[in-house]
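1. got a structure for you, letters missing:
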């Protein structure tokens, strides 16, 4: 099969990526590299329609004399006895604002992949090649972004040097102005203000004591705890209960008054 993909990256940048096997491995979409193996080696899952096949193997990338690249590999099914052997030729063709990757591939396969429709297999391979080209371009663009660039005007600054003593004079340092923050403040004379300061210090001490007593207590206890210190509520005046002898004074007076009334009425009847 033959296929072409355009990428907005110069051909020289893509050649730098293809010359590095480690960067080629990062550009293969979905490749799970094996630890300690070759750079382009590992597991790769390919989805064909509603099916997926996982292959394990290695790929070799070689640069030819005509600046084209030969990609050869042989992979085995991770869960099966099928295998695929392929040879891919990648040529880079200069284009406006980028380059075109020209693929020319041949392959022979057996196993599960042969039981799937040919058009579905071809579509899966085309998608894989398109994504591989996009990843190559992204890897090349990342390399350009990470490359250090000289600061603007550095070349001009190296070649042009100002002659010694040409308009360069050292100015004497400006005298330091006295700061009001560095001056010593004389102590204030004792007076009524000191008493107010002592009251403020007592308030601060009470507030600090209240905060210390609240630490470690639950929110409910803090909400329902009465305030302390000068902000504590004034207790209500207690009702003074009368002494025991005074309890019988009112009934006795009422009884004496009733007896007097009865006596007066009895005297009036006799008259």
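-> Nice, I can see it. Model, not experiment: these values are computed from the prediction. Residues are numbered from 1 along each chain as shown.
2. the strands in the stretch 1-150 of the chain, which residues?
-> Applying DSSP state E, counting those that start in this stretch to the stretch 1-150 of the chain gives strands spanning 2-7, 32-33, 41-48, 51-63, 69-77, 83-95, 98-110.
3. now those in a markdown table, with mean neighbour count and mean pLDDT?
-> For the C-beta atoms, the positions are set from N, CA and C on the backbone; glycine is no exception. A markdown table is the format used below for the strands of the stretch 1-150 of the chain (neighbours: other CB atoms under 10 Å; pLDDT from 0 to 100):
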| stretch | mean neighbour count | mean pLDDT |
| --- | --- | --- |
| strand 2-7 | 16 | 94 |
| strand 32-33 | 14 | 88 |
| strand 41-48 | 17 | 91 |
| strand 51-63 | 16 | 92 |
| strand 69-77 | 17 | 93 |
| strand 83-95 | 16 | 93 |
| strand 98-110 | 16 | 93 |
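4. Pipe those into TSV and attach distance to residue 23 per row.
-> Compiled in TSV, those are given as follows (distance: least, CB to CB, whole Å):
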stretch	distance to residue 23
strand 2-7	15
strand 32-33	12
strand 41-48	15
strand 51-63	10
strand 69-77	13
strand 83-95	14
strand 98-110	15
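5. quick one: which of the ones you listed is nearest residue 20?
-> strand 51-63 (9.3 Å; CB to CB).
6. before we move on, back to that, relative to residue 140, which of the strands of the stretch 1-150 of the chain is closest?
-> Here strand 2-7 is closest among these (CB to CB), at 8.5 Å.
7. Specify the angle between that closest one and strand 98-110 in degrees.
-> Here the directions of strand 2-7 and strand 98-110 differ by 140 degrees (axes from the mean of the first three to the mean of the last three CA atoms, to 10 degrees).
8. in the protein, which ranges drop under the pLDDT threshold?
-> For the chain, applying pLDDT under 70 flags the ranges 143-248, 271.
9. Now do stretch 42-62: everything it contacts.
-> Stretch 42-62 is contacted from outside by 18, 21, 24-25, 28, 30-34, 37-38, 40-41, 69-79, 82, 84, 112-113, 116-117, 120-121, 123-124, 128, using CB atoms under 8 Å, 6 or more residues apart in numbering.
10. 6 Å instead?
-> Identification of contacts with stretch 42-62 by CB atoms under 6 Å, 6 or more residues apart in numbering yields 24, 30-34, 38, 40-41, 69-76, 78, 112-113, 116, 120-121, 124.
11. Stretch 11-31 now?
-> 33, 39-40, 42, 44-45, 61, 69, 92, 94, 99, 131, 135-136, 139-140.
12. mind running it again at 8 Å?
-> So stretch 11-31 is contacted by 7, 33, 38-45, 59, 61, 63, 67, 69, 90, 92-94, 99, 101, 128, 131-132, 135-141, 143-144 (CB under 8 Å, 6+ apart).
13. Quick check: buried residues in the longest helix seen in the chain?
-> In the chain, assigned by DSSP state H, the helix with the most residues is helix 118-146. Neighbour counts over helix 118-146 (16 or more other CB atoms under 10 Å) mark 121, 124-125, 128-130, 132-133, 135-137, 139-140 as buried.
14. which helices and strands does it pack with?
-> strand 2-7, helix 11-18, helix 21-27, strand 41-48, strand 98-110 (3 or more CB pairs under 8 Å, 6 or more residues apart in numbering; DSSP states H and E).
15. what pairs with the first one, and is each one parallel or antiparallel?
-> Strand 2-7 has its sheet partners listed here by DSSP bridges as strand 98-110 (antiparallel).
16. what packs against the helix or strand in which residue 257 is found?
-> Secondary structure from DSSP states H and E places residue 257 in helix 249-270. Under the contact criterion of 3+ CB pairs under 8 Å, 6+ apart, helix 249-270 touches no helix or strand at all.
17. just to revisit the earlier point, distance to residue 262 for the helices and strands packed on helix 118-146 - can I get that in TSV?
-> Output for the helices and strands packed on helix 118-146, formatted as TSV (distance: least, CB to CB, whole Å):
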stretch	distance to residue 262
strand 2-7	130
helix 11-18	131
helix 21-27	124
strand 41-48	121
strand 98-110	132
